[in-house]
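>>> A structural model of the following input is requested.
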Amino acid sequence: MPSVLGTRGRRDPRKGIYLLPNLLTSANLFAGFFAIVGAFNGEYVQAATAILIAMVFDFLDGRVARLARAESRFGIEYDSLADLVSFGLAPGVLMYAWALDAYGRLGWAAAFLFVVCGALRLARFNVQIGRVESTHFIGLPIPGAAAVLATSVILDMHFLGLGREIRPVLMLGMTYALAFLMVSNIRYRSFKSYAMGERRPFRILVWAILVLVMAAIQPQIVVFGLVLLYALSGPAEHFFGGLIRRVLKRPASAGAPQHAADDEDDVADQEVIVRK
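Here you go, the predicted structure:
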């Protein structure tokens, strides 16, 4: 049996894994599995809450790995597999059990499309590591899509009570839309370059405190609003930003023919003067 020790008696780092980040990833995976079990048992709020808890562990494992310089290829692949279960399979099963089962094949097709688009989104993210700027994501991140579905369940069960007539229609459209956004080329801000230790305007602190106060009063509404706002920010920035850029370019392009005409008039005047 080959030894895992190096030539100098130290453990070969290639034969081991970083413990803490992978433990957090395992907790992420456990929360996703717990959400699936909750959806099977009809505990929909419990399942949705477990998906949100999985998001916390998913955030922590990446942050701990970067701070401890414990990033590895094993950790990246394990994290993607855990994310597929917690933010792809678990929300898909939850949506089908909670709202989409009334549509039969159309319902489970929507749930499956969400899962497969989430898998494609994770695969594309893995191959783009180091190739795409870290300030933006290409496509809606799968935790963001899962958070929209999970918070929708919590919001409906606590406040809306849409019922079996409206809920399936609304969630069917939302599931298809989120699946499309995950595999789209729309750019989303990653906020990785946002340094919390830098000085910021005073009004940002005031707004942050207001959000925290509102979250303490009505957490279901505030959390749903925040994740929905992020999901809509990509398309809004894509379409309105492109429209603004086209409007700003239009005066310059419209003025170019006029400048060309003025130049032609000047040349004609000079020719007349020379002939005289």
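>>> other SSEs contacting the helix or strand where Ala146 lies?
Using DSSP states H and E, the secondary-structure element containing Ala146 is helix 142-155. Secondary structure elements in contact with helix 142-155, counted by 3 or more C-beta pairs under 8 Å, 6 or more residues apart in numbering; DSSP states H and E, are helix 44-67, helix 73-84, helix 90-98, helix 105-127, helix 163-183, helix 219-275. Yep, even glycine has a C-beta here, placed from its N, CA and C like the rest.
>>> what residues does that helix touch?
44-45, 47-49, 51-52, 55, 58, 83-84, 86-88, 90-91, 94-95, 98, 114, 118, 121-122, 171, 174-175, 178-179, 181-182, 188, 220-221, 223-224, 227-228, 230-231 (C-beta atoms under 8 Å, 6 or more residues apart in numbering).
>>> swap in 6 Å and give it another go.
The list of residues contacting helix 142-155 from outside it, by C-beta atoms under 6 Å, 6 or more residues apart in numbering, reads 44-45, 48, 51-52, 55, 58, 83, 87, 91, 95, 98, 118, 121, 178, 182, 220, 223-224, 227-228, 230-231.
>>> same deal with stretch 233-244?
By C-beta under 6 Å, 6+ apart, the list of residues contacting stretch 233-244 from outside reads Ile186, Tyr188.
>>> please apply the same query to stretch 109-124.
For stretch 109-124, the external contacting residues (C-beta under 6 Å, 6+ apart) are 80, 83-84, 88-89, 92, 95-96, 100, 139, 142, 172, 175-176, 179, 182-183.
>>> quick one: pLDDT of Ala216?
As summarised for this prediction, Ala216 has a pLDDT of 81.
>>> give me the neighbour count for Val211.
With neighbours defined by other C-beta atoms under 10 Å, the count for Val211 comes to 13.
>>> and it, what does it touch?
For Val211, no residue meets the contact criterion (C-beta under 6 Å, 6+ apart).
>>> next one: it from Phe202, what distance?
Val211 sits 15 Å away from Phe202, going by C-beta to C-beta, to the nearest Å.
>>> and Ala208, by the same measure?
The spacing between Ala208 and Phe202, counted by C-beta to C-beta, is 11 Å.
>>> same thing with Leu60?
Going from Leu60 to Phe202 by C-beta to C-beta gives 30 Å.
>>> the two: which is more packed in?
Between Leu60 and Phe202, counted using other C-beta under 10 Å, the more crowded position is Leu60 (16 against 8).
>>> surely that one and Thr25 touch.
No: between Leu60 and Thr25 no contact is recorded; they are 9.3 Å apart, counting by C-beta atoms under 6 Å.
>>> show me the shaky parts of the stretch 101-250 of the chain.
Applying pLDDT under 70 to the stretch 101-250 of the chain flags the ranges 130-134, 163, 191-200, 242-250.
>>> okay, buried residues for stretch 19-34 please.
Residues of stretch 19-34 classed as buried under the neighbour-count rule (16 or more other C-beta atoms under 10 Å) are Pro21, Asn22, Leu24, Thr25, Ala27, Asn28, Leu29, Phe30, Ala31, Gly32, Phe33, Phe34.
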